[in-house]
Each structure stands twice: as structure tokens, then as C-alpha cells.
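Student: using only what follows, build the 3D model:
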Amino acid sequence: MSRAPQTMPQANGKRRFLRTRWPVTGLLLAALVGSAFFSTSNAAFAKLPSLFPNPLPKSLQALTPPDPVPLVPGYADFFTQQLANDNVPGGVYAIVHQDRIIEMHTFGVRARGNPEPITPNTVFRIASVSKTFAGNMASMLEHRGYFTLSDSVKAYVPDLDFKSAEYSLQLQIEHILAHSSGVIPNAYDNLIEANLERQQIIPHFNRINPMCTPGRCYGYQNVLFSFIEDVVEETTGQSYADWVATHIFTPLAMTTASMGYEAYVNTEDKALPHIRGRNGWVTRAVAPHYYRFSSAAGVNASAHDLTQWLIAQMGYNSEIIPPEVLAQVREKRIHTSRDMRRRAWQPYLNNAHYGLGWRIYEFMNHDIVYHGGWVQGFRAEIAYSPDFDIGIAILMNAESSAMNSLSPEFWRRVIPMMQEEQYVPYAFATGVRTSYVTRTPRRASLLSEQLPQPTPDLLWDLLGR
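Tutor: The predicted model follows:
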């Protein structure tokens, strides 16, 4: 039995501890225990890890959540509430950070009156978000030497003429992809609605002249934008749809993405379009009109497909979308002053431009590369921050103004948090945070589960589809 430490009084009133005096029997016992321990067999040592597991330090245990943590706490509730307030049948958003999908959130059903829920793989029409693929594709082809963005469009569409022959020759590929042709906004979209094909619309341009010299002013287009398809066919020998499928959809593992009316109709897991009727949202038949202008509005995709597109746009698939292509499509080519008046965006926008198939918004002093889409019962938005490598895709199967606030609210919340050093709330999470909200006859119910990591407002909103 050992003795308690002894102390001696000091002149300054403090005490110091004396070395403990251990009895001889205590020393002998310690020696015997040590000898027995070091003579333990190797087999016994092999069992030690299972007998004494190595737990995480308490500091890491405290940071490890039971489930993956959302990047922006509370955003899922905001999204759900906005859609529920307008009785939107269904929607979904997906968030990526760098090369990871970190959150999926679905709401509602594919069609009103149908119990089948929206999933991350449910296919929507993405409308004018299709233009982002055309911009990238054109830059990819230019870097491969097929054509240059300064080529005259008339060289590939010889029947395209304006009142002034001079304007006809000045219109370049860059101008149609950046909406800087100078032509009045949405020229001949009414003929798209009348179910005319591109070749039937081309002769109508000889009745007008641009408002300004090409490259000098902005005017959003669908018909003119679609002439990039003629350029692709002429220079590659492939149809536009085949080229995008072969060089973008397939290599990026966008497994449910497609192009065209028939592809949408033949997709089993798809959302149906809804327009506002007298008694709320009603489904409507999908028309082929805008599908005839594939580069402008012809892509079908799921939220999961768009996560792969976002990851590539942020530079994490450089073998498919090279850095020089990304830099080129983000180049600010024409100022879009109209965007500065978008109500939900206005408080945060410092500037707005259009690049090649992408809008570039200066949002709270950071560039956001963005595009929205609106067509026949669907709305879609996609955006990412090159500064923070954060991206979001939002899809909705209704022409609801609920979409107007979803993107700006996300960026309003996320940018200040990302400016904080090392703000990565899901750093210790595993898998993807996925939540499902499905409408019931009473109130919507929220179910959350963890999925495995997937493999590698306004008039101009309506017109700018």
C-alpha cells in the first residue's frame, strides 16, 4: 500500500510536494505485472484492436452529425413553402459543391392528381437552360478548329437576309449566341407558337433590319439563336442533337438527359406540364413547337443530370469541358440592363451581362453564372459561383411565379456564409442529403433519408424562355 505524498512548509507560505516513498513490495508487484504483459503472445496482441477500438477524438465526435448537413440550413423549408403557397404540383432542387452532389430536395408529384412523386431522376423540360449547352458546344467546336465565332452566320445559313444586305453579312456566330444581333427581342417567336419550322421562318427576316449594328445592343432571341444548329451540321456532318448527346450527355453520365419531343414523350419517369386554370393548376399536352429549336429550348433533363452539368461547368471535368471553353462562355459580351430590374434579384445585383449561352450576374460583388427557362408548363433555373464552386439547379412542372425568388434567395444566403473562412458544414457528412416532400390529401409530409453518393415574375421572364 503506497503512502500519500508528503509536503513541507516553505518560508513564502507555499508548499512543495516531496517524492513519494514506494514500499519494496509495490516495486516487486509492478515488475511482475510488466513481465507478464511483455510476455503476452503475438496472437493476443492481434486481438487488441478489437478489444480496444480506437474511437474518434471527442472534438471530432462532436462535429460528426448523424445525417448529412445541408449547405444552407433552412433553404429546403423555404423552397417547400414557396411551392406549397402556390400549390405547385411538383419541383426539385439539387446543390453541388466542387465535384460533389451535397443535397437533393424533391417536392410533390409528377402530375396533379397522380400519386407518383418527383424524384432526383424525374425528367423535366428545361426550356432556355438548353442554351447553356449550345454555348459550350460552340466554344468546344471553335477550339477544335471547326469554325470561329467571328464567322458570318450567312456563310452557313445562306437564305438569311435582312432588309439591308450589309446587316446580313455583319451578323456573326458570336452575335446569335450572345443575343447581340441587334434584332428586336424575341423576333418571330409568334411563328414558333404558330408551329412553323425554322426554314419557314427564315424568309421573314428580310422584312426587318436590326435596331443597331450587331454586337452593340442586346435582344433575346430563340429563332436566331437556333441557327447554331445549321453551323454544327455544316461543319461536323452531325446533327446538333447527335453532337450534344455524343460529346456532352454521354461522357458526363447525364443518363436521363435527351433532346426533342419524342425523347420526352418516351420517357417513363417524367414530369407533366401545368398551366394555371380557373380552378388551379391543370395539366396540358406537350407541344413540339419549341422542340424544333433544339439549341434554344429542346433539352430534357433531370435534377441529377444537371448536377453533372454544373460540376463540369465548375471545371471538374476538364477532359470533357476544357478550362478555355469555360473561360470563353463566361466572357461578358453584352450588357443586359433589363435583368437589373428583375424584382427579386434587383436588391443584390451590381451588374448583368450575357456570355455564350449563359447570363453572368454580379451578385453581392461575386459573379453568378446563370440561366433560366420557361416553356409551356415548365420552369427551370441553373446557376453556379466560380468563386466558391457552388451550384444549384431548380426544376418545376408549373408556370409559377414561385420560381422568381428561389435562386436569389439561395445566393443571398449562401454567399455570406461561403465568405466565412472554412465554412463547409457538411465536411463530416457521408452521402447526399436527400429529402422528399410528397403531397397528401391533407398537408405535405416530410421524409428524410440518406442516399449513397451518385456516380461519377416578370414579363421578360416569360419572353426570355
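Student: how about the contacts made by residue 251?
Tutor: Remark: with contacts taken as C-beta atoms under 8 Å, 6 or more residues apart in numbering, residue 251 is in contact with 317, 320. Yep, even glycine has a C-beta here, placed from its N, CA and C like the rest.
Student: do you know the pLDDT at it?
Tutor: Looking at residue 251, its pLDDT is 98.
Student: same check on residue 158?
Tutor: As predicted, residue 158 sits at a pLDDT of 96.
Student: could you do the one 5 residues further on as well?
Tutor: Among the per-residue scores, residue 163 shows a pLDDT of 93.
Student: same deal with residue 73?
Tutor: 89.
Student: quick one: it from residue 417, how far?
Tutor: Look at residue 73 and residue 417: by C-beta to C-beta, to the nearest Å, they are 9 Å apart.
Student: which neighbours do the two share?
Tutor: Shared contacts of residue 73 and residue 417, defined by C-beta under 8 Å, 6+ apart, are absent.
Student: quick one, which of these two is more surrounded?
Tutor: residue 417 (15 against 11; other C-beta atoms under 10 Å).
Student: now that one: phi and psi?
Tutor: Torsion angles at residue 417 (phi, psi; degrees, to the nearest 10) stand at phi -70, psi -40.
Student: cool, and residue 104?
Tutor: Backbone geometry at residue 104, expressed as degrees, to the nearest 10, gives phi -130, psi 130.
Student: residues contacting it?
Tutor: By C-beta under 8 Å, 6+ apart, the neighbours of residue 104 are 92, 93, 94, 95, 120, 303, 304, 432, 433, 434, 435, 451.
Student: got the contact list for the fifth one?
Tutor: Meaning residue 120. Residue 120 neighbours (C-beta under 8 Å, 6+ apart): 92, 94, 104, 106, 302, 303, 304, 434.
Student: how about a cut-off of 6 Å?
Tutor: If you count contacts by C-beta atoms under 6 Å, 6 or more residues apart in numbering, residue 120 has them with 104, 303, 304.
Student: for the last one, give me the pLDDT.
Tutor: Note on residue 304: pLDDT of 98.
Student: quick one: buried residues of stretch 84-101?
Tutor: By 16 or more other C-beta atoms under 10 Å, the buried positions in stretch 84-101 come out as 84, 87-97, 100-101.
Student: can I get the residues you listed in a markdown table with secondary structure, distance to residue 268 and pLDDT?
Tutor: What follows is those, written out as a markdown table (DSSP: H, G, I helix; E, B strand; the rest coil; distance: C-beta to C-beta, whole Å; pLDDT from 0 to 100):
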| residue | secondary structure | distance to residue 268 | pLDDT |
| --- | --- | --- | --- |
| 84 | helix | 27 | 97 |
| 87 | coil | 26 | 96 |
| 88 | coil | 22 | 97 |
| 89 | coil | 18 | 98 |
| 90 | strand | 16 | 98 |
| 91 | strand | 19 | 98 |
| 92 | strand | 17 | 98 |
| 93 | strand | 22 | 98 |
| 94 | strand | 20 | 97 |
| 95 | strand | 26 | 96 |
| 96 | strand | 26 | 95 |
| 97 | strand | 31 | 93 |
| 100 | strand | 28 | 92 |
| 101 | strand | 23 | 94 |
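Student: low-confidence stretches in this protein?
Tutor: 1-68, 421-431, 438-465 (pLDDT under 70).
Student: domain map for it?
Tutor: Listed domain ranges for the chain are 1-37, 75-463 (source: automatic domain parsing).
Student: okay, those domains in a markdown table with distance to residue 69 next?
Tutor: Shown next, in a markdown table, are the domains of the chain (distance: least, C-beta to C-beta, whole Å):
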| stretch | distance to residue 69 |
| --- | --- |
| domain 1-37 | 44 |
| domain 75-463 | 5 |
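Student: please identify the deepest-packed of those domains.
Tutor: Among the domains of the chain, domain 75-463 has the highest mean neighbour count (mean count of other C-beta atoms under 10 Å), at a mean of 19.
Student: hmm, back to that, now the buried residues of stretch 84-101 as CSV including distance to residue 131?
Tutor: Formatted as CSV, the entries for those read as follows, by distance: C-beta to C-beta, whole Å:
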residue, distance to residue 131
84, 30
87, 30
88, 24
89, 26
90, 24
91, 21
92, 21
93, 20
94, 20
95, 22
96, 20
97, 25
100, 26
101, 23
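Student: out of the residues you listed, name the two that are farthest from one another.
Tutor: For the buried residues of stretch 84-101, the farthest-apart pair by C-beta to C-beta is 87 and 100; their separation is 33.3 Å.
Student: and the helices in the stretch 351-465 of the chain?
Tutor: Here the stretch 351-465 of the chain has its helices, by DSSP state H, counting those that start in this stretch, at 406-419, 459-463.
Student: check the stretch 151-300 of the chain too.
Tutor: Secondary structure of the stretch 151-300 of the chain (DSSP H, counting those that start in this stretch): helices at 165-170, 173-177, 189-193, 198-201, 228-236, 240-244, 261-265, 294-297.
Student: list the contacts of the first one.
Tutor: This points to helix 165-170. Under C-beta under 6 Å, 6+ apart, the answer for helix 165-170 is 152, 154, 161, 162, 209, 210, 214.
Student: ok, the fifth one to residue 162 distance?
Tutor: I take that to be residue 209. For residue 209, the distance to residue 162 equals 5 Å [C-beta to C-beta].
Student: do the first one as well
Tutor: Here the distance between residue 152 and residue 162 works out to 13 Å (C-beta to C-beta).
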